[in-house]
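Peer 1: Sequence below, structure please.
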Amino acid sequence: MKNQRRELNGLSIHGQNLKVSFKGDGVLTSSIEIERSRQTPSGVFFLVFFLSSIVGTVALLQELLSLTSLVVWTFVVIAIVLLKLYCWDIHKESVLIVKDLGIQYTKSCVLGLQTSQFIEHHKIVDVLINEVITMHQVVCYLTLLISEGKQNQRRRKHELLPLFMATVPNLVTIKSIYHGMQKILET
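Peer 2: Now for the predicted structure:
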């Protein structure tokens, strides 16, 4: 089989641009990768300014810090917020599907830290598009229905494993991924 590669531009539910890559033959194996674009939200600068202003104001009012240590603490707060927002934030998620073997789900951070989870084929019951109701909206997630225990047991414990929770693609993007996964898994 010939390896195919196609890319499409998708959107997250928050309107952020996503780069969706499909690799593989689409019959035996397929790799689906979603990467967030690196846009700097304007709210980040406001958040950093707001937090450092609060720290500075409290320190001056309480006279706990000298002017020098006030500057140091302000930079420490700014550094912590920026590290959290840019370095430990998940920017790429991928799913590798191998027919009759299983699915590997990987999350990658900006600094290169990766976490992977492998789900064996016999544990996968189905691939679902799950609607989740939040306070303000209905969000769709691509979800794996997994079972624990042996196939011939009457009462198997079922679990839902949502995929692409950090990139949160919209329904149009989820549907294209769903059809590709169903084609390979044939669940």
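
Peer 1: Spell out the residue ranges of the helices in this structure.
Peer 2: Taking DSSP state H as the test, the helices found in the chain are 42-62, 67-86, 171-185.

Peer 1: mind listing the strands in this structure by residue range?
Peer 2: 4-11, 17-24, 29-36, 90-98, 102-109, 114-120, 124-133, 138-148, 157-163 (DSSP state E).

Peer 1: Once you drop chain neighbours, what's closest to residue 114?
Peer 2: Among residues not flanking residue 114 along the chain, residue 108 sits closest, at 4.9 Å (CB to CB, 6 or more residues apart in numbering). Any C-beta I mention is one placed from the backbone N, CA and C, and that applies to glycine too.

Peer 1: I figured that neighbour hits residue 36, correct?
Peer 2: No - in this structure residue 108 lies outside contact range of residue 36 using CB atoms under 8 Å: 10.6 Å.

Peer 1: got any ranges where this protein has weak pLDDT?
Peer 2: Scanning the chain for pLDDT under 70 picks out 1-2, 38-49, 52, 55-70, 85-88, 149-155, 187.

Peer 1: And the residue nearest the centre of the protein?
Peer 2: Centrality entry for the chain: nearest residue to the mean C-alpha point is residue 166, 2.4 Å, by CA atoms, centre = their mean.

Peer 1: burial count for the residue lying closest to residue 137 once chain neighbours are set aside?
Peer 2: Among residues not flanking residue 137 along the chain, residue 13 sits closest, at 7.5 Å (CB to CB, 6+ apart). Residues lying near residue 13 (other CB atoms under 10 Å) number 17.

Peer 1: For residue 13, grab phi and psi.
Peer 2: Main-chain torsions, residue 13, degrees, to the nearest 10: phi -70, psi -20.

Peer 1: now stretch 118-136, how far from the chain's geometric center?
Peer 2: 14 Å (CA atoms, centre = their mean, to the nearest Å).

Peer 1: circling back: and for residue 108 and residue 36, which residues touch both?
Peer 2: By CB atoms under 8 Å, 6 or more residues apart in numbering, residue 108 and residue 36 have these common neighbours: 91-92.

Peer 1: Now do the contacts for residue 165.
Peer 2: Shown in contact with residue 165 (CB under 8 Å, 6+ apart): 93, 141.

Peer 1: gap between it and residue 107?
Peer 2: 9 Å (CB to CB, to the nearest Å).

Peer 1: who touches both of those two?
Peer 2: residue 93.

Peer 1: circling back to that earlier point, and the residue nearest to residue 137, what does it touch?
Peer 2: 137, 139, 168-170.

Peer 1: from these, which two are the most distant?
Peer 2: Across those, the longest distance by CB to CB is 14.5 Å; it joins 137 and 169.

Peer 1: Looking only at neighbour counts, state which of the two leads.
Peer 2: A count of neighbours by other CB under 10 Å puts residue 169 above the other of residue 137 and residue 169, at 24 against 8.

Peer 1: Would you confirm that the more buried one contacts residue 16?
Peer 2: No - counting by CB under 8 Å, residue 169 does not reach residue 16; the two are 9.8 Å apart.

Peer 1: Good, we can wrap up now.
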